[in-house]
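Engineer: Build me a model:
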Amino acid sequence: MELNSSLDDDLFLKLIPEWGAEKVEKLRFLYQIGDLDRKQRIHKILSLSAKKLINDPFLPTHVLLPPSTKEECLGKGEIYLGDVCYGRINGNEDRILYPLYLDIEDIKNHLIITGLSGVGKTTLAYNLVIELAKKKQNAIIFDWNRTWRNLLSLSEAENPFVKDITVYTIGRDLKPFVWNMLFSPPPNVNFANWLSIVANKPLQKSLLAGQGVADYIENEAEHLMYAYQKGILKLLPNIDDIRNNVEKQFAQARQLLWKQSTERVTKELTRPSVHELFGSRSPINIATDILEKPGITIIEMDIETPEHIRVLFQELMLTYCMLYFLHKGEATDLRTAVVLEEFPNMLPKSKIEKQVGSDIIKTLFKEGRKFGLGIIAIAQETSELPNYVVGNAKIQAHFALQTKNDIDASANSLFLKPHQIPFIDLIWRGKCIVKVKGRLKNCLIKTPPPPFKRAISDEELVVLLRK
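Structural biologist: Okay, the predicted model is just below:
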């Protein structure tokens, strides 16, 4: 009988939750000093015990990841994530060991959730945000599917945080987000610096605007702001003013091409559905109305608004948040959790986008934790996530995946052993493999069910927002 030392090590690990670490270590020691005959007998004991105690099959038909200890999984007992599953009982029923909790500090170091559509990614995020809200932690959600509003259906008596939920509807009049992206910089940020940030990479990525367009917009915006500050203009300038001024200018040769491109970009940003989003003369104060306001802020990135406009707005909002918290200084605690649904939409795809794309996502994942910004990124395909995202996310939750590329990407980030890789293909709805870097080993968890039972319609949302 030929023995495989790596498989034997795995058998020892599998039995720790059953026999305890001390007993397993003694048996491991006997195995290491024993002759071949003793090793064979211990191997047989391990195999039969694993099959009997934890229903460990000889062929992988269900997930068996030896979990961390109960104390490690409980942590500080702050944010309930789900229940650790290990083996089977009564044939096909999952064997629940103990609950898994995240520390709030863990979330400050970012979390990625991946998996097929419909397997429970957003449900896990719902429950995470509810747990955070119960701990009086703020959250901002960029909602691409109009589902987060359903948190308003929760009982306010049982969930007092419901009264602090605010919903904004991008591109729709239910609760419009009125902003002026060029002329409303974050507090303590110089207007010229903010203007340069907005007019360059975000516009180049989302609207394919070149450097000539950025120059046109910056020049006109600076002139308009100067006139406003001197009292020459009575109303806060906006993109309409830039568009009108550019159209009046004479241009030829290369400048004519830049002018035409600028007219195209400003026309896109002044279309009726997004006019007040990017060019309101009475914009909200994002700092006081969202970032400093307690509770949950839901921003519905409506499907009726073109995707490139939603991506542009989301990038500018994240940049605003980062600059705002940057000027508040480094933080030891979580200030705000930011939930990014349909996260890959934020990532550059084409070669041109990668060359000119905004660095805000990379900056957030690398530096956001220093300033108390914890990112919860939700994606269907793990293989789409760049290394700087996976490498800077302390928590990973991988639901069922389908393609080899996605399974391999998740297996690599989890450091799964070769015989454990098929586990990702075996899990289904409501279960995921979780890793908390530096604290917990990979383990299978059963996530809580959806927290609400009904959906909030547009008509009901209007009534609730008037309260």
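Engineer: Run the chain-centre distance for stretch 273-290.
Structural biologist: 24 Å (C-alpha atoms, centre = their mean, to the nearest Å).
Engineer: Give the buried residues for that stretch.
Structural biologist: 273-280, 283-284, 286-287, 290 (16 or more other C-beta atoms under 10 Å). (Glycine included, C-beta is placed from N, CA and C.)
Engineer: Please identify which pair of these lies farthest apart.
Structural biologist: S273 and A287 (25.5 Å; C-beta to C-beta).
Engineer: what's the spacing between the residue nearest in space to the middle of the chain and F371?
Structural biologist: Among the residues of the chain, the one closest to the centroid is A377, at 1.6 Å (C-alpha atoms, centre = their mean). For A377, the distance to F371 equals 17 Å [C-beta to C-beta, to the nearest Å].
Engineer: K417 too?
Structural biologist: For K417, the distance to F371 equals 37 Å [C-beta to C-beta].
Engineer: More neighbours: the two, which one.
Structural biologist: Between K417 and F371, counting by other C-beta atoms under 10 Å, F371 is the more crowded of the two (21 against 15).
Engineer: Run a quick neighbour tally on the closest residue to the more buried one other than its chain neighbours.
Structural biologist: Counting by C-beta to C-beta, 6 or more residues apart in numbering, F325 is the residue found nearest to F371 once chain neighbours are left out, at 4.0 Å. Counted with other C-beta under 10 Å, the neighbours of F325 add up to 20.
Engineer: And the contacts of stretch 182-193?
Structural biologist: The contact list for stretch 182-193 (C-beta atoms under 8 Å, 6 or more residues apart in numbering) reads 194-195, 198-199, 217, 221-222, 224-225, 228, 236-239, 242, 278, 283, 286-287, 320, 323-324, 327.
Engineer: what about the strands in the stretch 101-250 of the chain?
Structural biologist: With strands called from DSSP state E, counting those that start in this stretch, the stretch 101-250 of the chain shows them at 111-114, 138-143, 166-169.
Engineer: and the last one, what does it pack onto?
Structural biologist: Spelled out, it's strand 166-169. Secondary-structure packing of strand 166-169 (3 or more C-beta pairs under 8 Å, 6 or more residues apart in numbering; DSSP states H and E): strand 296-300.
Engineer: Could you check the angle the lengthiest helix in the chain makes with strand 138-143?
Structural biologist: For the chain, the helix with the greatest residue count under DSSP state H is helix 307-328. On the basis of axes from the mean of the first three to the mean of the last three C-alpha atoms, to 10 degrees, helix 307-328 is oriented at 170 degrees to strand 138-143.
Engineer: can you give me the angle helix 307-328 makes with strand 296-300?
Structural biologist: Using the same axes, to 10 degrees: helix 307-328 against strand 296-300 is 150 degrees.
Engineer: Low-confidence regions, this structure specifically.
Structural biologist: Counting by pLDDT under 70, the chain contains low-confidence residues at 1-8, 11, 33, 48-61, 91, 349-358.
Engineer: and it, what are its domains?
Structural biologist: Per automatic domain parsing, the structural domains of the chain span 5-53, 70-175+284-466, 191-276.
Engineer: Just put these in CSV and tack on distance to M181.
Structural biologist: Below are those laid out as CSV (distance: least, C-beta to C-beta, whole Å):
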stretch, distance to M181
domain 5-53, 53
domain 70-175+284-466, 6
domain 191-276, 6
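Engineer: ok, and for stretch 180-197, which residues are buried?
Structural biologist: 180-186, 189, 191, 194-195, 197.
Engineer: What of stretch 34-49?
Structural biologist: Buried positions in stretch 34-49, judged by neighbour count with 16+ other C-beta under 10 Å: 39, 42-43, 46-47, 49.
Engineer: Restricting to C-alpha, output the helix or strand where K23 lies in PDB.
Structural biologist: Following DSSP states H and E, one finds K23 within helix 21-33. Presented in PDB, the C-alpha positions along helix 21-33 are these (Å, rounded to 0.1, in the frame of the first residue of the first chain):
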ATOM      1  CA  ALA A  21      -6.200  19.100  18.100                       C
ATOM      2  CA  GLU A  22      -4.400  17.400  21.000                       C
ATOM      3  CA  LYS A  23      -5.500  13.900  20.200                       C
ATOM      4  CA  VAL A  24      -4.900  14.400  16.500                       C
ATOM      5  CA  GLU A  25      -1.400  15.700  17.100                       C
ATOM      6  CA  LYS A  26      -0.500  12.700  19.200                       C
ATOM      7  CA  LEU A  27      -1.700  10.400  16.500                       C
ATOM      8  CA  ARG A  28       0.200  12.400  13.900                       C
ATOM      9  CA  PHE A  29       3.400  12.000  16.000                       C
ATOM     10  CA  LEU A  30       2.900   8.200  16.200                       C
ATOM     11  CA  TYR A  31       2.400   8.200  12.400                       C
ATOM     12  CA  GLN A  32       5.600  10.100  11.800                       C
ATOM     13  CA  ILE A  33       7.800   7.900  13.900                       C
END
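Engineer: So what touches that helix?
Structural biologist: The contact list for helix 21-33, computed with C-beta under 8 Å, 6+ apart, reads 8, 12, 15-16, 19, 38-39, 42-43, 46, 69.
Engineer: at 10 Å what do you get?
Structural biologist: Contacts to helix 21-33, defined as C-beta atoms under 10 Å, 6 or more residues apart in numbering, come from residues 3, 5, 8-9, 11-19, 38-39, 41-43, 45-46, 69.
Engineer: Okay, and which of the residues you listed map to helices?
Structural biologist: 5, 8-9, 11-19, 38-39, 41-43, 45-46.
Engineer: where along the stretch 151-300 of the chain do the helices fall?
Structural biologist: Using DSSP state H, counting those that start in this stretch, the helices of the stretch 151-300 of the chain run over residues 191-199, 201-207, 211-229, 239-248, 254-269, 275-279, 286.
Engineer: Compare those and give me the one nearest S117.
Structural biologist: Here helix 201-207 is closest among the helices of the stretch 151-300 of the chain (C-beta to C-beta), at 24.8 Å.
Engineer: and the closest one, what does it pack onto?
Structural biologist: When contacts are defined as 3 or more C-beta pairs under 10 Å, 6 or more residues apart in numbering; DSSP states H and E, helix 201-207 packs onto helix 211-229, helix 254-269, helix 307-328, helix 351-356.
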